[in-house]
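Participant: starting from these lines, generate the structure:
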Amino acid sequence: MEYVIINGVIVKNKNGVVSGVHPGKPIKSYFVDKILQEETIDFSINLNDGEKQKLENIYEINGQEYVSIRELADYLNIPMENNINGQISLKDNGQLEIGNTKAKINNKEIDLNSEPIIYKSNVYINIKDIRKY
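Facilitator: Below is the predicted model:
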């Protein structure tokens, strides 16, 4: 085995253990022939103006509801950038890191209920963390 990847972060490569990475707890840590695909959950967001917008990529994972950060940022017109090191920049609005429960929102450090995760090739955040802030 040349590489070990946890939550989308390479923690071991052909040269050994990679230092300075924070992948968090593995979501799944076993080999399977086929991964069961979760069904999406009906979810709408309502902003101050009263306009209701249905979000398409909401999943229940390990008993928690997660929303796609990309879809949410697009809806709110917040520029978003995924960095190769697992950090997600929401430009001046905040900074998140895959596998880390510490985040920065509007220049304030906060504690998330659970770390952002990678699922179905997207980064997701727990809905409780959205409602909290």
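
Participant: ok, what's across the strand from Phe43?
Facilitator: Beta-bridge pairing for Phe43 (DSSP bridges): Leu55.

Participant: just checking, it touches Leu55?
Facilitator: Yes: using Cβ atoms under 8 Å, Phe43 makes contact with Leu55 at a distance of 5.2 Å. (C-beta placed from N, C-alpha, C; glycine too.)

Participant: okay, those two: which has more neighbours?
Facilitator: More crowded of Phe43 and Leu55, by other Cβ atoms under 10 Å: Leu55, with 18 against 15.

Participant: need the contact list for the more buried one.
Facilitator: Counting by Cβ atoms under 8 Å, 6 or more residues apart in numbering, Leu55 touches 43-45, 67-68, 71-72, 75.

Participant: and those residues, which are buried?
Facilitator: Buried members of the contacts of Leu55, scored by 16 or more other Cβ atoms under 10 Å, are 45, 67-68, 71-72.

Participant: tell me which of those residues is nearest to Asn85?
Facilitator: Ser68 (20.0 Å; Cβ to Cβ).

Participant: ok, and the closest non-adjacent residue to the closest one?
Facilitator: Leaving aside its chain neighbours, Ser68 sits nearest to Asn57 (3.9 Å; criterion: Cβ to Cβ, 6 or more residues apart in numbering).

Participant: ok, now how distant is that neighbour from Asn77?
Facilitator: Note on Asn57: its distance to Asn77, by Cβ to Cβ, to the nearest Å, is 18 Å.
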